[in-house]
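Visitor: Next come a sequence and a model predicted from it.
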Amino acid sequence: MFDIILQGPGATRKTHRVDSGRCVIGNGWRSDLTLKGKQIAKQHAVIEKSEDGVVISDMGSFAGTWVNRERIVQYGPLQPEDEIIVGDYKITVVDRRPASEPAKAPTAAVQNSTQPEADVPVDATRVDRVLLEWRRRVHEKIIDVMDLRRKDLHSMTDAQVRRETEQLLDELMRGLEPEIPPSLDRERLRKDVLDEAIGLGPLQPFLEDDSVSEVMVNCADQIFVERGGKLTLTDCCFTSDQAVLSVIERIITPLGRRIDESSPMVDARLKDGSRVNAVIPPLALKGPCITIRKFAKKRLHFADLVGYDSLSDEMVAFLRVCVEKKKNIVVSGGTGSGKTTLLNVLSNLIPKDERIVTVEDAAELQLNQPNLVSLEARPANLEGRGQVAIRDLVRNALRMRPDRIVVGECRGSEAIDMLQAMNTGHDGSLTTAHANSPRDAISRLEVMVMMAGMDLPIQAIREQIAAAVDIIVQQKRFPCGARKVTHITEVVGMESGTIQLQNIFLYRQEGVDGQNRVRGSFQACGFIPTFYEDLKSMGVELDLSIFGGEKEFH
């Protein structure tokens, strides 16, 4: 893409070849080109290829980046004769553009320039880059000043932190006013810096947008969101990796969680219940990343799922009977298929006079029954002690006199305790598991039980599963983003050492429509569940017609 010719102290020269189209210069370990010196910031400047040529941008450094003896925010396209100064180094950039491709005249965003900003051609991309650089610069100054003033933010309320930060930000912007380009929107700069300093930065608008179901930060300058099951790349970004780390700390600190190089992964939740996962270097190679599964503000009911064509009225009628008559249900599906949403809807069908204990890694379930105890797992502390795993909570739940146990997700050895609970008088318990089909769900349960290390024979494990699980509800997310219940399957027992399954309802795909959305029909398989005979003998009125009809959804 381009070559960087570097002349350091002592007149030593070397060439750094850049093929990726982007090179970060600084003295930190995250820099692509590392330079030593007191005047060089950890991330000092970035040189990157654009449509017009090669552009250099200052990353909010204290000493600044200089091109042709003028301090710049951004300058480009660079020419071979342009002299760049970073600390004690002189830099020349040679664009490896094909000879037939003409170079455009350079433009610059210059600090302390006597030339009016209106004389410089400005496009939308350029303005965004300038805004980003000024966001980074002001944000770093706020952090530096707060460190100098030794503010104990942990002892302050949210309102006090916001008021203090707003006052400090106003002071800084008044001092920087002569240097800020006239074309830059001051109010937007102030809002963006404030959001990044005390809020969740560029993530804040997406968390307030009800159409966004998931937010994914791959690195500081790459944020994806999911809308309607479809992923899209946004034009928003953080100013630096440190800004992403600050947001992560802001999320996990009130929860007593930690993240550092010794513990570089963490699960947490926002105040509204949205689930958060964060991973930082050295595990995350591109920089800190965040994944936020948003918590629906509106509590969904079966009527909503039918309206979304996720299942049929006949399926709802059957699942209602299963929950009310205490059948043990496993909701299985892939990541993002809607397992937790369906589990939440099913859990709210539990009668209000029953005692429920929920067990989760990160609390997501929203139940409205009065007799409810919610338990949440806890990771180890700084000394590696104090961890409370899901399995410990499931075992403890058995001593809390529950009528129902609801486990947010079985993913390990806790499966054996869940099965034992289902087999020892806690009928009507619910959980979820990752699997691609009902048969896969059975296999996954077998593997998870083996993870408990109890060296049980496979025959005994299968008998436990066959006796404990009554119904498997399979969820699937289709390429178009639609989420549907594809199977409702009964576990009917054991035969020749194999667990026998019988489909009660199926979703049969019949192609896609003109907008590439999946279309098909929910169908009853004509099989009446075996436990219906027991319910009928108890005098329970049942509608058997739901097992013989067919209803189409497009």
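Guide: That came through, no problem. Numbering: from 1, shown residues only.
Visitor: what kind of secondary structure is the spatially closest residue to residue 64 that is not a sequence neighbour in?
Guide: Excluding the flanking residues, the one nearest residue 64 by C-beta to C-beta, 6 or more residues apart in numbering is residue 71, at 4.5 Å. Glycine gets a C-beta too; all of them are placed from N, C-alpha and C. Classification of residue 71 by DSSP: H, G, I helix; E, B strand; the rest coil places it in strand.
Visitor: What's the local residue count around residue 71?
Guide: Using other C-beta atoms under 10 Å, residue 71 has 17 neighbouring residues.
Visitor: partner residues bridging it?
Guide: residue 66 (DSSP bridges).
Visitor: Could you verify my assumption that it touches residue 65?
Guide: Yes - counting by C-beta atoms under 8 Å, residue 65 is a contact partner of residue 71 at 7.1 Å.
Visitor: Now do the shared contacts for those two.
Guide: Common neighbours of residue 71 and residue 65, counting by C-beta atoms under 8 Å, 6 or more residues apart in numbering, are residue 58.
Visitor: Against residue 368, how distant is the residue nearest to residue 64?
Guide: Residue 71 sits 60 Å away from residue 368, going by C-beta to C-beta, to the nearest Å.
Visitor: How about residue 238?
Guide: If you go by C-beta to C-beta, the gap between residue 238 and residue 368 works out to 37 Å.
Visitor: Between these two, tell me which one has more neighbours.
Guide: Neighbours per residue, other C-beta under 10 Å: of residue 238 and residue 368, the larger number sits with residue 238, 28 against 9.
Visitor: Run through the residues that contact residue 417.
Guide: By C-beta under 8 Å, 6+ apart, the neighbours of residue 417 are 391, 394-395, 398.
Visitor: Could I get the average pLDDT for stretch 162-170?
Guide: Confidence for stretch 162-170, expressed as mean pLDDT, is 77.
Visitor: which residues of the stretch 401-550 of the chain fall in helices?
Guide: For the stretch 401-550 of the chain, the helices defined by DSSP state H, counting those that start in this stretch cover 414-423, 438-450, 458-468, 531-537.
Visitor: now do the chain
Guide: Assigned by DSSP state H, the helices in the chain fall at 124-149, 158-176, 186-198, 204-208, 241-252, 302-307, 313-324, 339-347, 390-397, 414-423, 438-450, 458-468, 531-537.
Visitor: How about the residue nearest the centre of the chain, nearest residue that isn't a chain neighbour?
Guide: With distances taken as C-alpha atoms, centre = their mean, the residue of the chain nearest its centroid is residue 291 (1.5 Å). Excluding the flanking residues, the one nearest residue 291 by C-beta to C-beta, 6+ apart is residue 277, at 4.7 Å.
Visitor: Same check on residue 21?
Guide: Closest to residue 21 by C-beta to C-beta, 6+ apart is residue 49, at 4.1 Å.
Visitor: So what's the residue count around the spatially closest residue to residue 296 that is not a sequence neighbour?
Guide: Closest residue to residue 296 apart from its sequence neighbours, by C-beta to C-beta, 6+ apart: residue 341 at 7.4 Å. Using other C-beta under 10 Å, residue 341 is surrounded by 19 other residues.
Visitor: Just the pLDDT at residue 341, thanks.
Guide: Per the predicted model, pLDDT is 87 at residue 341.
Visitor: what sits against the nearest residue to residue 379 once chain neighbours are set aside?
Guide: Excluding the flanking residues, the one nearest residue 379 by C-beta to C-beta, 6+ apart is residue 387, at 5.9 Å. Counting by C-beta under 8 Å, 6+ apart, residue 387 makes contact with 378-380.
Visitor: Next: residue 297.
Guide: By C-beta under 8 Å, 6+ apart, the residues touching residue 297 are 210, 272.
Visitor: can you rerun that using 10 Å?
Guide: Going by C-beta atoms under 10 Å, 6 or more residues apart in numbering, residue 297 touches 210, 272-273.
Visitor: can you pick the most crowded of these?
Guide: That'd be residue 273 among the contacts of residue 297, by other C-beta under 10 Å, with 16 neighbours.
Visitor: next one: phi and psi at that residue?
Guide: phi 100, psi -10 (degrees, to the nearest 10).
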